[in-house]
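Task: produce atomic coordinates for the following.
(2 chains)
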Amino acid sequence: MIRFVARRFLETIPVLFILATVTFFMMRLAPGGPFDAEKQASKEVRARMQAHYGLDKPLFEQYLLQMKHLMQGDLGPSYKYPSRTVNEIIADAFPVSLELGGESLAVALVLGLLAGMTASLRQNTFWDHFPMSLAMIGLCVPTFVMGPLLISAFALHLDWFNAAGWYFPRDRVLPALTLGAFYAAYIARLARGGLLEVLRQDFVRTAQAKGAGGARILFKHALRGGMLPVVSFLGPAIAGLLTGSFVVETIFGIPGLGRYFVTAAFNRDYFMIMGSVLFYAVFVIAMNLVVDIVLVWLNPKLRFE
Amino acid sequence: MMPAPTLQLDEQVDGEKSASFWRDAWHRLWKNKLALFGLFVVAALSLVCLLAPLLCRYVIGFSYEQQNLALGPVPPNRAHWLGTDPLGRDLLARVLYGGQISLMVGLCATGVSLFIGVIYGAVSGFAGGKVDMVLMRLVDILYALPFTIFVILLMVFFGQYIILLFVAIGAVQWLTMARIVRGQVMAIKQQEFIEAARALGLRRRRILFRHILPNLLGPIIVYATLTVPEVMLLEAFLSFLGLGVQPPHSSWGVLIKEGAEMMEEYPWLLTYPAVAMALTLFSLNFLGDGLRDALDVRGSKD
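Down below sits the predicted model:
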């Protein structure tokens, strides 16, 4: 396993290198620059700002310089927030996105697994059709419809929660539900499918023949195998939760990294863009590695290759 | 050149087998009422959206960009069946035109992802060995990247052209297709009729395209049906961030975004586009599920 982890780490280095290179040249080849928006700035001021950030040097030199800084873990300054470095901004904003993502994942897992288990134990009854129809709805209602609907119902009409903001613990409820709903729906379907597959197998029939009840069979025998599709989905799901939070952060006015990233892209804030892209990539790659390790642990047939 | 008799023989055998296979599949689909309902809704909505220019001129009476500032936003009524937006534009016309773009993005981007995914997966599975290992390792690595971020960057930097939207979304979505196709090709490659084709001296490309790929039609259709709603969601997501289709054009994503901003004052602006989009996604998903059961495809996703 150590060899497996080590190899994955080594593989990550060229991936990040290529990613940084592609991002760098894509940003620079695109029209527009970071100081275009400052209309009142005279030519000289703009030239001085460019010089200050090293934007007047030849492109390839800038590239080498940035790569050098990146290797030292220095993500550079932000043009938009001149007093702060990108490292500081990410350190401030990412915990917010992480919390939102974690809470949404919890919502998704609890709701999804409950629905999936109920449906698989009561196949083709009301308790199968009802949660699965809900799941289908969850899959088809985009986050940015779900969010406003929840705000409208629970914040504006019932007045249980605030419509936006990220100050009190209860401010977490609506965003986490909004973001988690889609993944809950997906997990419910995967869990049902995976469990039904396992419940059909011989060793489950043996357990039934020996008189074990539904819940006991589910938890002692079927859960481990039935969870495989759900766990494999968690890798992409985590990436999705992170990027999906752009929308939720916008709707609910949450100061997370997603919002910073989108603003940075619009502002051509080169260092901020590069920093968030690399940061997201590292995080997602790490999460995928964790998921792969859990998969092997759950399924003895798999090996670390 | 192939000797003529061989060619006839291939086609006969393939033809017979597939005819009964597709007939069986159609029977199974016919029994699945939800899937049929999905097929019907998708077909009907596509037709209505396709005919939007005609419908706007002769039935609705308003074009999607015709403003009426004096009228402003009014709730659904006799003249405007779904109401109007703050610029006095007819919502029904806008939903139909938006649907045209959303469906087009869905189909075209799925087409792009199919094209890349099928070729990539087929080559990888058919070649096997080192080539396969390298190609699939690349897919694994790409899987691990937060691609949506890249699509956002592309759209911000290079303008919001619809073509770019297809390519960007398609480029994100082909990975799963490539994996599915590769797995199937590996399985079919082992079968006797491929060995027979090889023994007959057919060229590799011919074996791949004439004998292996036709057998993959089932999984490809199923997965394509399930990719369309995903792609439409992604387009709507980009539109929501202001990166999708630009005004005066609209897509369902754009309409939903505008509606969400004004949902308290003018709820119908959110309701109808959202219902149209949800209904389409619903139907496509049901159809995809039904097709999967009918064609007996074991997808890698569920």
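
State which one residue of the stretch 151-300 of chain B is found closest to chain A.
Of the residues in the stretch 151-300 of chain B, the one nearest chain A is B:Phe157, at a distance of 3.3 Å by Cβ to the nearest Cβ. In short, each C-beta sits where N, CA and C put it, glycine included.

For that residue, the count of nearby residues, please.
Here the count is done by other Cβ atoms under 10 Å in any protein chain shown, and B:Phe157 has 18 residues near it.

can you pull the pLDDT of it?
The model reports B:Phe157 with a pLDDT of 74.

what sits against it?
By Cβ atoms under 8 Å, 6 or more residues apart in numbering or on different chains, B:Phe157 lies in contact with A:Met26, A:Met27, A:Ala30, A:Pro31, A:Gly32, A:Ala265.

at 7 Å instead, please
Contacts here follow Cβ atoms under 7 Å, 6 or more residues apart in numbering or on different chains; on that basis B:Phe157 touches A:Met26, A:Met27, A:Ala30.

All the helices of the chain, residue numbers only.
No chain was given, so I picked chain A. Per DSSP state H, chain A carries helices over the ranges A:2-29, A:43-52, A:59-71, A:86-121, A:126-140, A:143-150, A:173-199, A:202-209, A:214-216, A:223-226, A:228-252, A:257-267, A:270-298.

nope, chain B please
Remark: helices assigned in chain B by DSSP H are B:4-31, B:33-50, B:52-55, B:91-127, B:129-143, B:147-157, B:162-189, B:192-199, B:204-206, B:217-240, B:252-261, B:268-295.

which residue is nearest the middle of the chain?
I went with chain A, as the question did not name one. A:Leu242 (2.3 Å; Cα atoms, centre = their mean).

switch to chain B, that's the one I care about
Note: chain B centre (Cα atoms, centre = their mean) maps to B:Val228, 2.5 Å.

That residue: what's its closest spatial neighbour, skipping adjacent residues?
Among residues not flanking B:Val228 along the chain, B:Gly106 sits closest, at 4.4 Å (Cβ to Cβ, 6 or more residues apart in numbering or on different chains).

Could you do A:Asp292 as well?
Distances taken as Cβ to Cβ, 6+ apart put A:Gly235 closest to A:Asp292, at 7.6 Å, once the chain neighbours are dropped.

how close does the one you found sit to A:Leu241?
As for A:Gly235, its distance to A:Leu241 is 11 Å (criterion: Cβ to Cβ, to the nearest Å).

Comparing these two, which shows the higher neighbour count?
Neighbours were tallied for A:Gly235 and for A:Leu241 using other Cβ under 10 Å; the higher tally belongs to A:Leu241 (25 against 21).

you'd agree the more buried one is up against A:Thr178?
No. With contact defined as Cβ atoms under 7 Å, A:Leu241 does not reach A:Thr178; the gap is 11.5 Å.

number of nearby residues for A:Leu121?
Per other Cβ under 10 Å, the neighbour tally for A:Leu121 reads 19.

Tell me the predicted confidence for it.
81.

for it, what are its contacts?
Listed by Cβ under 7 Å, 6+ apart, the contact set of A:Leu121 reads A:Gly214, A:Leu218.

Give the burial count for A:Pro14, as a bare number.
Taking other Cβ under 10 Å as the definition, A:Pro14 ends up with a neighbour count of 10.

Tell me who's in contact with it.
Listed by Cβ under 7 Å, 6+ apart, A:Pro14 has no contact partners.

Which residue is the nearest non-sequential neighbour of residue 185?
Because you didn't say which chain, this covers chain A. Taking Cβ to Cβ, 6+ apart as the measure, A:Ala185 lies nearest to A:Gly138, with 3.0 Å between them; neighbours along the chain are not counted.

Chain B was what I was after
Closest residue in space to B:Val185, ignoring its immediate chain neighbours: B:Gly125 at 3.1 Å, by Cβ to Cβ, 6+ apart.

how much space is there between that neighbour and A:Ala209?
41 Å.

Can you read off the pLDDT for the closest residue to A:Thr143 other than its chain neighbours?
Closest residue to A:Thr143 apart from its sequence neighbours, by Cβ to Cβ, 6+ apart: A:Val247 at 5.0 Å. As summarised for this prediction, A:Val247 has a pLDDT of 82.

so how many other residues sit close to A:Val247?
Summarising burial for A:Val247: neighbours were counted as other Cβ under 10 Å, giving 24.

related to what we said a few turns ago, now the weakest link among the helices of chain B, please, by mean pLDDT.
When the mean pLDDT of each of the helices of chain B is compared, helix B:4-31 ends up at the bottom with a mean of 61.

residues contacting residue 153?
The chain I'm using is chain A. Applying Cβ under 7 Å, 6+ apart, we find A:Ala153 in contact with no residue.

try chain B instead
A:Met26, A:Ala265, A:Ile273.

so which of these are also by chain B?
Among those, proximity to chain B is found for A:Met26, A:Ala265, A:Ile273 (Cβ under 7 Å from any Cβ of the partner chain).

In TSV: these, plus neighbour count and pLDDT.
Putting the ones next to chain B among the contacts of B:Leu153 into TSV (neighbours: other Cβ atoms under 10 Å in any protein chain shown; pLDDT from 0 to 100) gives the following:
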residue	neighbour count	pLDDT
A:Met26	15	79
A:Ala265	23	80
A:Ile273	26	84
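
quick one on the thing from earlier: can you tell me how far the residue nearest to B:Val185 is from B:Leu208?
Applying Cβ to Cβ, the value for B:Gly125 to B:Leu208 is 9 Å.

so B:Phe62 touches B:Leu91, yeah?
No. Using Cβ under 7 Å, B:Phe62 is not in contact with B:Leu91; the gap is 9.5 Å.

What about B:Phe94, how many residues nearby?
For the record, residue B:94 is Arg, not Phe. The criterion is other Cβ under 10 Å. On that basis, B:Arg94 has 30 neighbouring residues.

okay, the residue lying closest to it once chain neighbours are set aside: pLDDT?
For B:Arg94, ignoring the flanking residues on the chain, the nearest one in space by Cβ to Cβ, 6+ apart is B:Tyr64 at 4.8 Å. pLDDT, the model's per-residue confidence, is 70 for B:Tyr64.

Next, the residue of the stretch 1-150 of chain A found nearest chain B: phi, psi?
Closest approach between the stretch 1-150 of chain A and chain B, counting by Cβ to the nearest Cβ: A:Ala30, at 3.3 Å. Per-residue torsions, A:Ala30: phi -70, psi 150 (degrees, to the nearest 10).

got a list of what the residue nearest to B:Val185 touches?
For B:Gly125, the residues meeting the contact criterion (Cβ under 7 Å, 6+ apart) are B:Asp132, B:Val181, B:Arg182, B:Val185, B:Met186, B:Lys189.
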